[in-house]
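Next input, structure requested:
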Amino acid sequence: MILSHLYIVSYKMKIMIKIIMPLLLGTFLFGSLPVPQQFRADFNQTVINTDNNQTLHYSGHVAIKVPNRAKWVYSRPVPKTICLLEDRAWVIEPELEQATLYRLDKAIPLLAILENAKKIDTGHYTARYNGVEYDLRVDEKEKLKAVEYTDELGNRVILLFSGIDTSPIDSTETECTIPREYDVIDGRF
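Reported below is the predicted structural model:
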């Protein structure tokens, strides 16, 4: 039973990372807009299963530092931290007292995405990457406020940002600490 639970949790985490990585990319899909070297904000994420219309809601805080560091701290529905560093991701789950290491499949060609972002109208951009179209909304100061797309599983993903701050980020804001008593799982297979 424990193994089946771990398998389900592992599967859910792989899906979550597949959702988070494009969101990380979505943060920078500005085309002709300036690309911030750092970014922190509160977020609300909605994932809608288009087959059965079930909706999941997440919220928390994110800190991102270009080119390849990010820390997503989820406060709802359960506490969880996802740290992205180059080609790997740590998922730290306090309720399970575990940390799982995942491999991110490929480096994302950020510049190619930026070059393909196109302005639709004031405050609205689109970009296409790997067959996925991203709908981007920015505020009057050209700060990202929303990213929407349909993921490879057919889920509609909507990410809303608030309290955006592009001031310098200390590297400790994107670091993750794994408590010694947590189980560490290598999920890179």
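
Can you give me the first-to-last residue distance of stretch 99-118?
End-to-end distance of stretch 99-118: 38 Å, with Cα to Cα, to the nearest Å as the criterion.

Helices along the protein, start to end?
Secondary structure of the chain (DSSP state H): helices located at 2-26, 110-116.

State the number of residues packed around T122.
7 (other Cβ atoms under 10 Å). In short, each C-beta sits where N, CA and C put it, glycine included.

for the chain, where's the lowest mean pLDDT among helices and strands?
The weakest-scoring helix or strand in the chain, judged by mean pLDDT, DSSP states H and E, is helix 2-26 (a mean of 46).

CA-only coordinates of stretch 137-148 in PDB, if you can.
Listed in PDB are the C-alpha atoms of stretch 137-148, where the atom choice follows Å, rounded to 0.1, in the frame of the first residue of the first chain:
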ATOM      1  CA  ARG A 137      -1.000  39.100 -20.300                       C
ATOM      2  CA  VAL A 138       1.000  42.000 -18.900                       C
ATOM      3  CA  ASP A 139       0.000  45.100 -17.000                       C
ATOM      4  CA  GLU A 140       0.400  48.800 -18.100                       C
ATOM      5  CA  LYS A 141       4.000  48.600 -16.800                       C
ATOM      6  CA  GLU A 142       4.600  45.600 -19.000                       C
ATOM      7  CA  LYS A 143       4.900  43.300 -15.900                       C
ATOM      8  CA  LEU A 144       3.600  39.800 -16.400                       C
ATOM      9  CA  LYS A 145       0.200  39.200 -14.800                       C
ATOM     10  CA  ALA A 146      -1.100  36.000 -16.400                       C
ATOM     11  CA  VAL A 147       0.000  33.000 -18.400                       C
ATOM     12  CA  GLU A 148      -2.500  30.600 -19.900                       C
END
